[in-house]
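**Student:** I need the structure of the sequence given here:
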Amino acid sequence: MDESAKKIVLRWFTYGLHAVTAAHGGEVAMMTANFITQSAFTPPHVALAVELDSKTNRLIEASRAFAVNVFASDQRDLAGQLGKKSAKSPGKTDGVVWQPGPLTGSPIVDSCLGWLECRVTGSLPSGDHVVYVAEVVEAGVQREGAPLTMAESGFRHSG
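**Tutor:** Sure, this is the predicted structure:
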């Protein structure tokens, strides 16, 4: 495979940036994710890919639920903060104001544009990630604004 071409083409994919959150047994996890898409209309579903070794993955597995919080275009710093590995930055969620979601208890980040609460309906392995398919069970809009994109943020995934 032409590694250079692969990276260029994969980096052309358009991605939004989101805070994916989960909670279980008094623990909370938050991570920045871009591998997420709507996958069904009725009932509404999303597909989310999460690194196998992440704290968020462990809590999604335990709770079978997560929330997707949409970053605003002015939240690059927060996206960067939550994009760090919990193992290396255990205090990365310090100062992030959130409320438990009404149905799953997954954290809803106060400053984000809006959110979805999701219940996992299935999963499958995908290399160093797991792909969750989840039904959207609740949603909320918190403020107006434009969503943060991967291209706008200047962040780069490995591709």
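**Student:** So which residue is smack in the middle of this structure?
**Tutor:** For the chain, the residue nearest the mean C-alpha position is Val20 (2.8 Å; CA atoms, centre = their mean).
**Student:** Chain neighbours aside, what residue packs nearest to that one?
**Tutor:** Ala33 (4.4 Å; CB to CB, 6 or more residues apart in numbering). Just so you know, the C-beta spots here come from the backbone N, C-alpha and C atoms, and that holds for glycine as well.
**Student:** Same check on Thr32?
**Tutor:** With sequence-adjacent residues excluded and distances taken as CB to CB, 6+ apart, Thr32 is closest to Gly83, at 3.8 Å.
**Student:** Tell me the pLDDT of Arg156.
**Tutor:** Note for Arg156: predicted pLDDT of 61.
**Student:** now the strands: where do they sit in this protein?
**Tutor:** Ranges of strands within the chain are 18-24, 27-33, 36-40, 45-51, 65-70, 98-100, 107-109, 114-126, 129-141, based on DSSP state E.
**Student:** how about CSV for those strands, with distance to Asp2 and mean pLDDT added?
**Tutor:** Listed next are the strands of the chain as CSV, based on distance: least, CB to CB, whole Å; pLDDT from 0 to 100:
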stretch, distance to Asp2, mean pLDDT
strand 18-24, 30, 97
strand 27-33, 27, 96
strand 36-40, 26, 94
strand 45-51, 23, 97
strand 65-70, 33, 98
strand 98-100, 43, 98
strand 107-109, 39, 98
strand 114-126, 22, 98
strand 129-141, 23, 97
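**Student:** of all the ones you listed, which lies closest to Asp77?
**Tutor:** Closest of the strands of the chain to Asp77 is strand 27-33, at 11.2 Å (criterion: CB to CB).
**Student:** Show me which residues of that closest one are buried.
**Tutor:** By 16 or more other CB atoms under 10 Å, the buried positions in strand 27-33 come out as Val28, Ala29, Met30, Met31, Thr32, Ala33.
**Student:** Enumerate every residue touching Ala62.
**Tutor:** Counting by CB atoms under 8 Å, 6 or more residues apart in numbering, Ala62 touches His24, Gly25.
**Student:** could you redo the last one with a cut-off of 6 Å?
**Tutor:** By CB atoms under 6 Å, 6 or more residues apart in numbering, Ala62 lies in contact with His24.
**Student:** I am finished for the moment; much appreciated.
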